[in-house]
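Trainee: requesting a structural model of the entry that follows:
(chains A and B)
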There are 2 protein chains.
Amino acid sequence: MKKNAFYAQSGGVTAVINASACGVIEACRKHSDKIGVLYAGLNGIIGALEENLIDTSLESDLAIASLRHIPGGAFGSCRYKLQNALDNDSEYQRLIEVFKAHNIGYFFYNGGGDSADTCLKVSQISEDMGYPIQAIHIPKTIDNDLPLTDCSPGFGSVAKYVAVSTKEASLDIASMAVSSTKVFVLEVMGRHAGWIAAAAGLASQAEGEPPHIILFPEIPFEREQFIALVKKSVAQWGYCVVVASEGVSYADGGLLSGSIAEDAFGHKQLGGVAPALCSMVKHSLGYKYHYAVADYLQRSARHLASKTDVEQAYAVGGAALEMALAGKNALMVSIERDLGKPYAWSLGEVPLKAVANREKKMPRAFISDNGFGITQQAREYLLPLIAGEDYPPYKNGLPYYPQLKNTLITKRCKQWVLC
Amino acid sequence: MKKNAFYAQSGGVTAVINASACGVIEACRKHSDKIGVLYAGLNGIIGALEENLIDTSLESDLAIASLRHIPGGAFGSCRYKLQNALDNDSEYQRLIEVFKAHNIGYFFYNGGGDSADTCLKVSQISEDMGYPIQAIHIPKTIDNDLPLTDCSPGFGSVAKYVAVSTKEASLDIASMAVSSTKVFVLEVMGRHAGWIAAAAGLASQAEGEPPHIILFPEIPFEREQFIALVKKSVAQWGYCVVVASEGVSYADGGLLSGSIAEDAFGHKQLGGVAPALCSMVKHSLGYKYHYAVADYLQRSARHLASKTDVEQAYAVGGAALEMALAGKNALMVSIERDLGKPYAWSLGEVPLKAVANREKKMPRAFISDNGFGITQQAREYLLPLIAGEDYPPYKNGLPYYPQLKNTLITKRCKQWVLC
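Mentor: Residues are numbered from 1 along each chain as shown, chains lettered A, B, ... in the order given. Sure, this is the predicted structure:
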């Protein structure tokens, strides 16, 4: 009897996570002789625990194809960390119970490092419980911090967004700096790894071209050095564009964004890195500043997705299904960069044991000697990842992002209350 | 003898102000039998005062054509308010001196309301001084607050950016809200008029679709009412997307963004509206929030420009030159919306006297009864302005935004020191 499959989106969504969903589901439909229905978890793994399973077979081929160009998580994602299986594996047991009830033999988990760990445990615990499930991890993270893959789907598009936004905003500042704003700070995501901030460096193609300063979480922040560089940039180029990772911190680990006090109501103020940096600039140098906080805009900007990223996101989805049908288990699909130029990539596989709970930071060789820019090596790594455009269709001036029906199947297990 | 022309960009730049420059210059080249060289002011009107005039005739046709798709101000803009001519017209006299020295008979000023006033005075004072210059104003402002024109070039593109960004970020939040961020605030430009925030309303196409709350500068902010609405939205739809104009203020005129105290260094903190609103939400409701501040990203996002806006920006530039050649003076080119559907527009002209120093706010009829959304009338006004895409060319994953040569001509007047 054909087994069914389960797919869930995990953690922060990206502009292209649905392209991976599209890849899995289309591959599943192609192999309908070998595999049954693909159920998607409503709101990620929570959907499996609560037995809220979406029957994707009720969606038209067209609707599934449209997933390739829709940002966000079409089935819902979640930030929910399963209990540590060593302490208490009741949640894992519940998962297996639900999967067994619906004849699910394949588990596709689309997420980052934490999710890889969950994926591995599903494989192990299901085997221990005598209902072995093949678990394949589909990589996804805008942070690009998954190990053993050349890059992570989701990163290329946020990188393109950040590079393009930096370039465009810089043209604005450059044209006004004589009489107006001299310092502009763009705050981007990246708590522990500076990949996203690094991508802004692609906007600069010649000496003096912005961004003039990039602040990485990997490099301890020193206020005096930063101020001196801003001053130098304004003196030399007339203005200064700074791109800062949200995770920039002092040598003692204290976040810049933590250095902000209370508002007029006595509430703790939600500092960001950008206002903190601007405050320093204003105080020390008196320059007029502006700042932007890209926040969710950067990771949902499907309108500006990287074609390379979309293709990779789609491909890893399809490959995950093919790997499962080939009998493989406890693996993550990886993206491998071919040696030589021009850029070419292929898919590979890595054992989940080697992936789970490891974080890939920017190599020091990717950061310029002074710690405030990227090297040629970083540039060569990053540039192919933002290559190509893949515009969504538009309708009345807006991207056309239709919603799926997301029909839940009838429950067969007892009710489950999330802890 | 053919007269030369002067063109300057004024105030905050837009994604399409260079399209207007392209329109003026291409029209000028077309009429080379009747008009001489078009000089552009380096950094706007400051360039005229300092006699820093760029000879645009040294740029290739291709370079000028590329202006149509380059954001920022290609010749530099400025925030510089000329002295009040009634008190002291020495700056105006200087302008006329420079224009006379270079045989300039046409003055094209590309800006907002303040610039319209300057443009009018150049016309009047040059006539008083016996060297009459025909002054034509080319409308530009992302704020859409110029009177007597259906819309202002620059607005349609920022409107599209804000509508698309709101739609995309909302999909992100919607897919995570069960276990993560429940409230998202997007801060957009607009100190006195809520046109830009209103455009976010286009992202909502059915009841309950985000944005759930729009905050306009035209509507006094009431904290309790806002909090109640956020709570209701989260209860009803699971999350709440707020789009706030930077100029939102209390009934007494106090800005929300002013209600923020000092940072840990005792420096005045640069509050924005978004963090202030999130602080209220956190304090009153405890929801997890995120916020984005679009800042310059919104007005430089040429990658997402409205095709309608690009076409209008280009057209008003060309029309300004045609009007000058037809002997007209002290006018602004206006955009007129034809009656009926589908949307169609044509160009008109309005006397600068009627334009200068007047601000067009959102009509109350465009804002929903409760003050937190837009009406069908607003939707019908706004939708055509974001219609169509007009992508810039890309090279290696980034928009191709080449720089002009910007060659300055030899000075003929004595030096001038800006006051």
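Trainee: now do the same contact list for whichever residue of the stretch 101-250 of chain A sits closest to chain B.
Mentor: Across the stretch 101-250 of chain A, the shortest distance to chain B (CB to the nearest CB) belongs to residue A:171, at 3.0 Å. Yep, even glycine has a C-beta here, placed from its N, CA and C like the rest. Applying CB atoms under 8 Å, 6 or more residues apart in numbering or on different chains, we find residue A:171 in contact with B:70, B:71, B:72, B:300, B:401.
Trainee: give me the element it is part of.
Mentor: Residue A:171 is part of helix A:155-176 when elements are defined by DSSP states H and E.
Trainee: cool, residue A:135 as well?
Mentor: Here residue A:135, judged by DSSP H and E, is contained in strand A:134-139.
Trainee: parallel or antiparallel, list what pairs with that strand.
Mentor: Strand pairing for strand A:134-139, using DSSP bridges, gives strand A:104-111 (parallel), strand A:331-337 (parallel).
Trainee: do I have it right that residue A:358 meets residue A:117?
Mentor: No. Here residue A:358 lies out of contact with residue A:117, judged by CB atoms under 8 Å, at a distance of 9.7 Å.
Trainee: follow-up on the earlier one: near chain A, from the contacts of residue A:171?
Mentor: B:70, B:71, B:72, B:300, B:401 (CB under 8 Å from any CB of the partner chain).
Trainee: residue nearest the centroid of chain A?
Mentor: Nearest to the geometric centre of chain A sits residue A:142, at 2.1 Å (CA atoms, centre = their mean).
Trainee: can you check the pLDDT for it?
Mentor: On the pLDDT scale, residue A:142 is placed at 97.
Trainee: that one: what's it in contact with?
Mentor: For residue A:142, the contact set (CB under 8 Å, 6+ apart) comprises A:12, A:14, A:152, A:154, A:155, A:157, A:158, A:189, A:196, A:298, A:299.
Trainee: does the first one belong to a helix, a strand or coil?
Mentor: Assigned with DSSP: H, G, I helix; E, B strand; the rest coil, residue A:12 falls in the coil class.
Trainee: repeat that for the last one.
Mentor: Local secondary structure at residue A:299 is given as helix here, using three-state DSSP.
Trainee: neighbours of residue A:417, how many?
Mentor: By other CB atoms under 10 Å in any protein chain shown, the residues close to residue A:417 number 6.
Trainee: and the gap between it and chain B?
Mentor: 14 Å (CB to the nearest CB, to the nearest Å).
Trainee: in terms of helices and strands, where is that residue?
Mentor: Using DSSP H and E, residue A:417 sits in no helix or strand.
Trainee: and the pLDDT for it?
Mentor: 91.
Trainee: so what's it up against?
Mentor: Counting by CB under 8 Å, 6+ apart, residue A:417 has no contacts.
Trainee: any bit of the one helix or strand residue A:94 maps to sitting next to chain B?
Mentor: Using DSSP H and E, residue A:94 sits in helix A:90-101. No. Judged by CB under 8 Å from any CB, helix A:90-101 stays clear of chain B, getting no closer than 14.2 Å.
Trainee: which residues touch that helix?
Mentor: Here helix A:90-101 makes contact (CB under 8 Å, 6+ apart) with A:6, A:45, A:48-49, A:51, A:53, A:82-83, A:85, A:104-105, A:107, A:121-122, A:125-126, A:129, A:131, A:133, A:412-413, A:416, A:419.
Trainee: got the angle for the helix holding residue A:171 vs strand A:134-139?
Mentor: Using axes from the mean of the first three to the mean of the last three CA atoms, to 10 degrees, the inter-axis angle of helix A:155-176 relative to strand A:134-139 is 10 degrees.
Trainee: show me what contacts the residue nearest to residue A:163 when sequence neighbours are not counted?
Mentor: What sits nearest to residue A:163 in space, not counting adjacent residues and going by CB to CB, 6 or more residues apart in numbering or on different chains, is residue A:202, at 4.2 Å. Listed by CB under 8 Å, 6+ apart, the contact partners of residue A:202 are A:159, A:163, A:379, A:382, A:383, A:386, B:397, B:398.
Trainee: can you check residue A:173 too?
Mentor: A:181, A:182, A:184, A:210, A:239, A:241, A:290, B:296.
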